[in-house]
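S.K.: the sequence isn't on hand, but the structure is:
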Ligand code: 5GP
Ligand code: MN
């Protein structure tokens, strides 16, 4: 939607730009945000990255991280001022405004030229220019393509390349998921060619665990993994006390759900997490099984077919029970995916 020329024209003169991304940014969300921010700063724009919540410490190495404004109840007026005064607002790695919490209505009401770059399935029509491709593995891949379309490939430096590489690496599950296309490899080849240190990025993201995080993983695997063999489903239900016991920080449960999915014969895996203000769910599935459908129909969420999320206000037990009752309807699909 919108024409690339409208964006080129918009960015022709120095702009006040706000870049934002979804709640609890992951590597694709923060990598695309800081990748674009570093690029637009080089172009002479005045750029502020604002996230609707905090994000894991294993993303803090990205260039520009120290200048990110993290929305809190205390700074909401300051955030609103940035959004109101922006000439351009760039929204990355989400396409429904409620994914940025209170900032959603601020962005909707802002007078700025709005840009949306995303690969999720449920678009909302709020942008003046949208680069939206559900077949893209990551928003970082789309940002690379956007910078190329804007004629600025030469401006991509090592720092920008590493931000973008991070999101592509994680959204493809380390180049293992079916979304790891030829184009993904072509883009990462370009990024490495520009100077991205791929081994450094992988180490920063995957190999900087705290001892508590590893102990929590051991606890979850040995005590909390539940299997529902008749539904080819496995899940973890983690209480708030258990998170506290291991001093769990933002990002510490990232990747846990994949262990449930790695069990042989499992089609659907879920992490239920009582974060203290509601239950957060992460769904992962294999093949054609639509995890996002369960997330959006029953758990106020959404996402991709094989990776989705949702939330409820009920208790952990109620949420797990509801999930189990939903599974009954999906048994034929779960069976057929298992037998493929
Ligand atoms: P994760 O399980 O890693 O939090 O999220 C997996 C995928 O689902 C991501 O693409 C994420 O953007 C999406 N997702 C996670 N939580 C929500 C949610 O509450 N609402 C929607 N619409 N998407 C979500
Ligand atoms: Mn993404």
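M.R.: That came through, no problem. Please read these numbers as outputs of a predicted model, since none were measured by experiment. Numbers count the residues shown, from 1 in each chain. Ligands and ions are numbered 1, 2, ... in the order given.
S.K.: residues in the stretch 51-200 of the chain within reach of ligand 2, list them.
M.R.: Counting by C-beta under 5 Å from the ion, the stretch 51-200 of the chain comes close to ligand 2 at 93, 138-139, 171. For glycine as for every other residue, the C-beta is placed from the backbone atoms N, C-alpha and C.
S.K.: check whether the host helix or strand of residue 145 comes into contact with ligand 1.
M.R.: Assessed by DSSP states H and E, residue 145 sits inside helix 139-149. No: shown here: helix 139-149 not in contact with ligand 1 (C-beta under 6 Å from any ligand atom), separated by at least 9.6 Å.
S.K.: can you spell out which helices and strands pack onto whatever helix or strand comes next after that helix?
M.R.: From helix 139-149 onward toward the C-terminus, using DSSP H and E, the following helix or strand is helix 158-171. Helix 158-171 sits against helix 27-42, helix 139-149, helix 182-194, helix 198-206, with contacts defined as 3 or more C-beta pairs under 8 Å, 6 or more residues apart in numbering; DSSP states H and E.
S.K.: measure how the second one sits relative to helix 158-171, angle-wise.
M.R.: Regarding helix 139-149 and helix 158-171, their directions subtend 140 degrees when assessed with axes from the mean of the first three to the mean of the last three C-alpha atoms, to 10 degrees.
S.K.: that older thread, any idea of the angle the helix holding residue 145 forms with helix 27-42?
M.R.: Per the same axes, to 10 degrees, the angle that helix 139-149 makes with helix 27-42 is 30 degrees.
S.K.: quick check: mean pLDDT of helix 139-149?
M.R.: The predicted model assigns helix 139-149 a mean pLDDT of 98.
S.K.: so what touches that helix?
M.R.: Helix 139-149 is contacted by residues 4, 28-29, 31-32, 35-36, 39, 92-93, 117-119, 131, 133, 136, 153, 155-156, 163-168, 171, 183-184, 187, 190-191 when judged by C-beta atoms under 8 Å, 6 or more residues apart in numbering.
S.K.: list buried residues within those.
M.R.: Among these, those scoring as buried are 28-29, 31-32, 35-36, 39, 92-93, 117-119, 131, 136, 156, 163-168, 171, 184, 187, 190-191 (criterion: 16 or more other C-beta atoms under 10 Å).
S.K.: quickly list what residue 269 is bridged to.
M.R.: residue 234, residue 284 (DSSP bridges).
S.K.: which residues does it contact?
M.R.: Residue 269 makes contacts with 233-235, 257-258, 260-261, 263, 283-285, as judged by C-beta under 8 Å, 6+ apart.
S.K.: next one: the worst-scoring helix or strand of the chain on mean pLDDT, is it in contact with ligand 1?
M.R.: Ranked by mean pLDDT, DSSP states H and E, the weakest helix or strand in the chain is strand 302-303, scoring a mean of 92. Yes: shown here: strand 302-303 in contact with ligand 1 (C-beta under 6 Å from any ligand atom) through 302-303.
S.K.: how far is the following helix or strand past that strand from where the chain is centred?
M.R.: Per DSSP H and E, strand 302-303 leads on to strand 307-312 as the next helix or strand towards the C-terminus. Centroid separation for strand 307-312 versus its chain: 12 Å, with C-alpha atoms, centre = their mean, to the nearest Å.
S.K.: same thing with stretch 276-288?
M.R.: The answer for stretch 276-288 is 13 Å, by C-alpha atoms, centre = their mean.
S.K.: now the residue of the chain found nearest ligand 2. Nearest residue, chain neighbours left out?
M.R.: Taking C-beta to the ion, ligand 2 has its nearest neighbour within the chain at residue 28, 3.4 Å off. Nearest residue to residue 28, sequence neighbours excluded (C-beta to C-beta, 6 or more residues apart in numbering): residue 167, at 3.4 Å.
S.K.: the least confident helix or strand of the chain pairs with which strands, and in what direction?
M.R.: Going by DSSP bridges, the partners of strand 302-303 are strand 307-312 (antiparallel).
S.K.: how about the strand it pairs with and ligand 1, any contact?
M.R.: Yes: applying C-beta under 6 Å from any ligand atom, one finds that strand 307-312 is in contact with ligand 1 at 307-311.
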